[in-house]
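Peer 1: Compute the structure for the input listed below.
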Amino acid sequence: MIARAVKQSNSFARISALLAISCMATGVGYSNPNSSASDDVSGSVLTVEIAKQYLADADSVDTKQFTSIEDAAAEALGKHDGQLNLSGLTSLSDSQAEALARRKGDLGLAGLTELSEAATEALARHEGYLYLHGLTSLSDSQAAFLSNHDGGLGLGGLTSLSESQVAFLSKQEGGLGLPGLTSLSDVVAEALSKHEGFLLNLGGLTSLSDSQAEALARHEGEIWLFGLTSLSDFAVEALRNHKGYLGLGGLTSLSDSQAAFLSKHEGGLGLGGLTSLSDVAAEALSKPEGELWLDGLTSLSDSAAQALSSHDGLLSLRGLTDISDSIAEALGNHKGPLGLHGLTSLSDSQAAFLSKHEGGLNLNGLTDISDSAAEALGNPK
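Peer 2: The predicted structure is shown next:
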């Protein structure tokens, strides 16, 4: 009966896809963890026979366990499309890179610590997400090749970039992941603001100056800044001018004045690090349209819940493990996807209030619910 009480949402599916991208970036969570082959092939060669087995039944082979690959296996895998995690590989020849680049779909090569110029040029022709998080350095020519890559590009192993390399990478059209950078120069921030892709992941930054915030706010696409635990009022005011999803999940507190700045932001907001929210801040954050992620909140006042219920767009409150009837009544008036997947139980009255909610309702955490409550949620008004 519980399953009937959960209405899914495309917005939640979207973020699940982004989380899957993050998992693959580190080489985990992508191949079947229950694969029977994983214990037997760790540290071995991916042969053409094993490649054919994988192509016949992807669940039978854990591809990320292999540290090397035969040329014939690379050729075989390159002739088929779809996601492929080869993050266990520690080396890749030019011909193997050429073969794998023909495969369309996510390609995980996070175990590689170096690539030749020719291999980099070949992989730049790959279509789909390309994960090269093991690389700790790039030449200017490699950065130039990768700027032509059509799809997401993960370079999380880079801890620094020259101005010329950033100038090349900013031309890349797709998601650009640089979570290994912990700081930026003003020149690099300005160059990254010109990145032409849909996503800029700078989740490793631990500080951001006011001028850098002003520059990054001009980026046209999603920006992930999850590593920042605090920002000046000026920086927050600058970032409010950014248009698109703004990930500030590392912030542990938000003043009312900062919330007022963000109330004018156009696009989704990720503020999952906040553990508390004043009523004034809740009122301000309810105003921007788009996704609003407040998964760190463990409690809400009735006034804050009432304010957030007027938010137009996805509202995720995963940190709530228990709610009162008054909060359930308030959230039942929210229109749009609502995430309450931290709740493990609901009373009949709370279920009745939430049944009035219009939009996707995520209650996947429920383990204790009556038949009448499940019936109410399964037949929303």
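Peer 1: List the contacts of stretch 68-82.
Peer 2: 44-48, 50-52, 54-55, 58, 84, 86, 89-93, 95-96, 99-105 (Cβ atoms under 8 Å, 6 or more residues apart in numbering). C-beta coordinates here come from the backbone N, C-alpha and C atoms, glycine included.
Peer 1: can you give me the end-to-end distance of that stretch?
Peer 2: 20 Å (Cα to Cα, to the nearest Å).
Peer 1: before we move on, what about stretch 133-140?
Peer 2: Length of stretch 133-140, first residue to last, Cα to Cα: 17 Å.
Peer 1: re earlier: report the buried members of the contacts of stretch 68-82.
Peer 2: Buried members of those, counted by 16 or more other Cβ atoms under 10 Å: 46-48, 50-51, 54, 58, 84, 86, 89, 92, 96, 99-104.
Peer 1: out of the residues you listed, which are inside helices?
Peer 2: Using DSSP state H, the subset of these located in helices is 48, 50-51, 54, 96, 99-100.
Peer 1: Make TSV from those and add distance to residue 131 and pLDDT to it.
Peer 2: Listed next are these as TSV, based on distance: Cβ to Cβ, whole Å; pLDDT from 0 to 100:
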residue	distance to residue 131	pLDDT
48	24	96
50	21	97
51	19	97
54	18	96
96	16	98
99	17	98
100	12	98
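Peer 1: if we take those, which one ends up nearest to residue 337?
Peer 2: Nearest to residue 337, judged by Cβ to Cβ, of these is residue 54 at 35.8 Å.
Peer 1: The closest one contacts residue 62, correct?
Peer 2: No. Contact criterion Cβ atoms under 8 Å: residue 54 and residue 62 do not qualify, at 9.3 Å.
Peer 1: What distance do you get for residue 332 to residue 351?
Peer 2: As judged by Cβ to Cβ, to the nearest Å, residue 332 and residue 351 stand 10 Å apart.
Peer 1: Apart from its chain neighbours, what residue comes closest to residue 135?
Peer 2: residue 157 (5.1 Å; Cβ to Cβ, 6 or more residues apart in numbering).
Peer 1: Just list the residues touching that neighbour, thanks.
Peer 2: Contacts for residue 157 (Cβ under 8 Å, 6+ apart) come out as 113, 132-136, 180.
Peer 1: Now it: phi and psi?
Peer 2: The phi/psi pair for residue 157 (degrees, to the nearest 10) reads phi -80, psi -10.
Peer 1: for the one 5 residues further on, same thing?
Peer 2: When read as degrees, to the nearest 10, the backbone of residue 162 gives phi -80, psi 160.
Peer 1: same thing with the one 3 residues further on?
Peer 2: Here is the backbone geometry of residue 165 (degrees, to the nearest 10): phi -70, psi -40.
Peer 1: And the pLDDT for it?
Peer 2: On the pLDDT scale, residue 165 is placed at 97.
Peer 1: when you give positions from now on, start the count at 37
Peer 2: In the new numbering, first residue 37, that becomes residue 201.
Peer 1: how much space between it and residue 183?
Peer 2: For residue 201 relative to residue 183 (Cβ to Cβ), the value is 9 Å.
Peer 1: likewise residue 199?
Peer 2: 14 Å.
Peer 1: out of the two, which sits in the busier spot?
Peer 2: residue 183 (19 against 11; other Cβ atoms under 10 Å).
Peer 1: which residues touch that one?
Peer 2: By Cβ under 8 Å, 6+ apart, the contact set of residue 183 is 160, 204-208.
Peer 1: Farthest pair within those residues?
Peer 2: Farthest pair in the contacts of residue 183, by Cβ to Cβ: 160 and 206, 15.2 Å.
Peer 1: tell me which residues form a beta bridge with residue 212?
Peer 2: The partner list for residue 212 in beta bridges (DSSP bridges) reads residue 189, residue 236.
Peer 1: Now do the contacts for it.
Peer 2: 188-189, 191, 205, 231, 233, 235-237.
Peer 1: Repeat that for residue 320.
Peer 2: 292, 295-296, 298-299.
Peer 1: between those residues, which is closest to residue 350?
Peer 2: Looking across these and measuring by Cβ to Cβ, the closest to residue 350 is residue 298, at 15.9 Å.
Peer 1: Kindly provide the distance from the residue lying closest to that closest one once chain neighbours are set aside to residue 390.
Peer 2: Closest residue in space to residue 298, ignoring its immediate chain neighbours: residue 276 at 5.6 Å, by Cβ to Cβ, 6+ apart. Distance, residue 276 to residue 390, using Cβ to Cβ: 32 Å.
Peer 1: Serialize the contacts of residue 212 to TSV and add fields for pLDDT and neighbour count.
Peer 2: Output for the contacts of residue 212, formatted as TSV (pLDDT from 0 to 100; neighbours: other Cβ atoms under 10 Å):
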residue	pLDDT	neighbour count
188	94	22
189	97	26
191	97	27
205	96	24
231	94	24
233	90	21
235	95	21
236	97	24
237	97	26
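Peer 1: re earlier: what remains of the contacts of residue 193 if I keep only buried residues?
Peer 2: Applying 16+ other Cβ under 10 Å to these flags 168-171, 216 as buried.
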